[in-house]
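>>> Let me see the structure of the following:
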Amino acid sequence: MSVFVDEVEETMDLDGLEKAMCKKCLKKYKLGYGTSNLLRNANKCFFHRNDNDNVDDHLPLDQDKYREMVAKLVIKHDYPFSFVEHEGFRDLVNFLNPEAHSISRNTLKADVLKLYFKEKDHLKHCLSLVLGRISITSYLWSSISTDEYMVVIAHYIDDE
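Modelled structure (predicted):
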């Protein structure tokens, strides 16, 4: 580890295991098993590759992609639109990339609707290419909390 003495700091894990932490990207590695994992990190680490000693640097952010991913997160996990206004979420996003602009619940709602219409148009296009028949099945059920659900499934054979 003497080669990396300026690059890493010895720390103790929550489990009491000794770790070596990269001072540039803050990744932790086991100690006592050689230096190949530290060497790999030195070759892969964004901060090492750019010879940049500032840990506060970050990768560039595509704000549109970020907003789309947050919309997909809210849809997939059924989070409320107000999720993006929670202090903990904003702190996390700011920690990961300070360039990320905060999203309001109204902006998120617009992004979710935009994503819905985009997916709807894509589905219409895919179904218009089907040469054969389309069979429809549906399922109805209610949850323990008496929320009622309906799923409509289209079965068809496409070119793939």
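
>>> Just to be sure, Ile136 is in a strand?
Yes - checked against DSSP: H, G, I helix; E, B strand; the rest coil, Ile136 lies within a strand.

>>> List the residues that contact it.
By CB atoms under 8 Å, 6 or more residues apart in numbering, the residues touching Ile136 are 152-155. (Glycine included, C-beta is placed from N, CA and C.)

>>> what about it, distance to Lys124?
Distance, Ile136 to Lys124, using CB to CB, to the nearest Å: 15 Å.

>>> and what of His155?
His155 is 17 Å from Lys124, by CB to CB.

>>> try Met150
Taking CB to CB as the measure, Met150 falls 20 Å from Lys124.

>>> what's the answer for Tyr139, then?
Distance of Tyr139 to Lys124, given as CB to CB: 22 Å.

>>> swap in Ser138?
From Ser138 to Lys124 the distance is 19 Å (CB to CB).

>>> Around the residue lying closest to Tyr149 once chain neighbours are set aside, count how many other residues there are.
Using CB to CB, 6 or more residues apart in numbering and skipping the chain neighbours, the partner closest in space to Tyr149 is Trp141 (5.6 Å). Neighbourhood size, Trp141 [other CB atoms under 10 Å]: 9.
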